[in-house]
Every structure is written in C-alpha cells, then in structure tokens.
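# sequence first, predicted model second:
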Amino acid sequence: MFLLDSNCKKKIIKSREKFQIFNTLRQLGLKPRMNGTKFINKCILYIITSNNEFYNLEDIFKTIIVDYPNLNSRQIRTEIKYALEHRNEKLTEANFENIFGFKVDEDIFRPKEFIDEFVYMMLEKSST
C-alpha cells in the first residue's frame with residue numbers, strides 16, 4: 001500500500017490510503033470537521049511518509065505549523081485532545097476492536113498514544 005519513491009527515501013501514500021485513514025478515523029467516532037481530527041490525520045500522514053521510525057510529536061507539530069502560522073504546538077495538541085475527548089462514543093464502542101484488534105482502552109485516547117497505535121495499525125495492514 002505505501003510505496004517508496006524512486007530514491008527509496010520517502011514513502012508515497014496513494015489517495016486511496018488517505019481516504020482509508022480518513023474513514024477509519026470516522027469509524028472510531030472522530031468528527032471529520034473538527035480541527036483536531038484534521039491535525040491527527042496530518043500527523044499520521046507525516047509519520048507514515050517519513051523514513052524515520054522514531055519521532056517527536058512536537059517536531060511533527062512544527063511541520064504542521066508551517067501551513068498554519070497562526071497556531072503553536074500547544075494549540076495543535078489541545079485541538080487533538082479535544083477531538084479525541086469529544087468523539088462519538090457509540091461508534092468507538094462498535095468499531096474499535098475490529099480496527100485495532102483489542103478492546104477499547106481509554107488510555108489510548110491521549111494524543112501521542114492514539115497516533116502511535118493508529119500508525120502501527122496502518123503499517124500492519126499495509127504489510128499484509
């Protein structure tokens with residue numbers, strides 16, 4: 001699913017995979033119109049396309065800030081936290097186990113943990 005470019009440095013995500021990420025976030029109860037959901041999506045895309053398996057969320061926020069100069073890292077983290085806390089709980093309950101492969105754990109709905117698990121899940125799906 002995720003391909004290397006001709007220089008074998010960076011992964012390229014097809015629009016189908018972008019749509020899959022968007023839909024999976026919706027299935028987990030996140031509201032697509034919330035800024036925090038959009039930032040989660042951007043973080044996931046950045047991590048998947050980078051060739052560095054170790055990352056600092058604050059560094060990713062800095063790359064997002066380039067597109068949104070009126071924001072700072074704390075505002076992005078707050079938006080993400082708000083989106084995770086104000087998700088549709090019924091959708092989360094119904095789809096969480098099918099998506100992640102384990103029962104709902106509220107600890108996963110912290111920004112760093114959620115993004116980590118989501119990226120791991122997407123990479124696992126792409127390798128099969």
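Noted; the coordinates are in hand. Residues are numbered from 1 along each chain as shown.
# in stretch 53-60, what counts as buried?
For stretch 53-60, burial by neighbour count (16 or more other CB atoms under 10 Å) applies to Leu57, Ile60. Yep, even glycine has a C-beta here, placed from its N, CA and C like the rest.
# whoops, stretch 74-82 was the one
Here stretch 74-82 shows Ile76, Arg77, Thr78, Glu79, Ile80 as buried, counting by 16+ other CB under 10 Å.
# mind checking which of these are in helices?
Ile76, Arg77, Thr78, Glu79, Ile80 (DSSP state H).
# what is the nearest of these to Phe100?
Distance to Phe100 across those (CB to CB) is lowest for Ile80, with 17.9 Å.
# pretty sure the closest one sits against Lys42.
No. Counting by CB atoms under 8 Å, Ile80 does not reach Lys42; the two are 10.0 Å apart.
# what packs against the one helix or strand Asn41 maps to?
Following DSSP states H and E, one finds Asn41 within helix 35-49. The contact analysis (3 or more CB pairs under 8 Å, 6 or more residues apart in numbering; DSSP states H and E) places helix 35-49 against strand 11-12, helix 15-27, helix 57-67, helix 73-85, helix 111-127.
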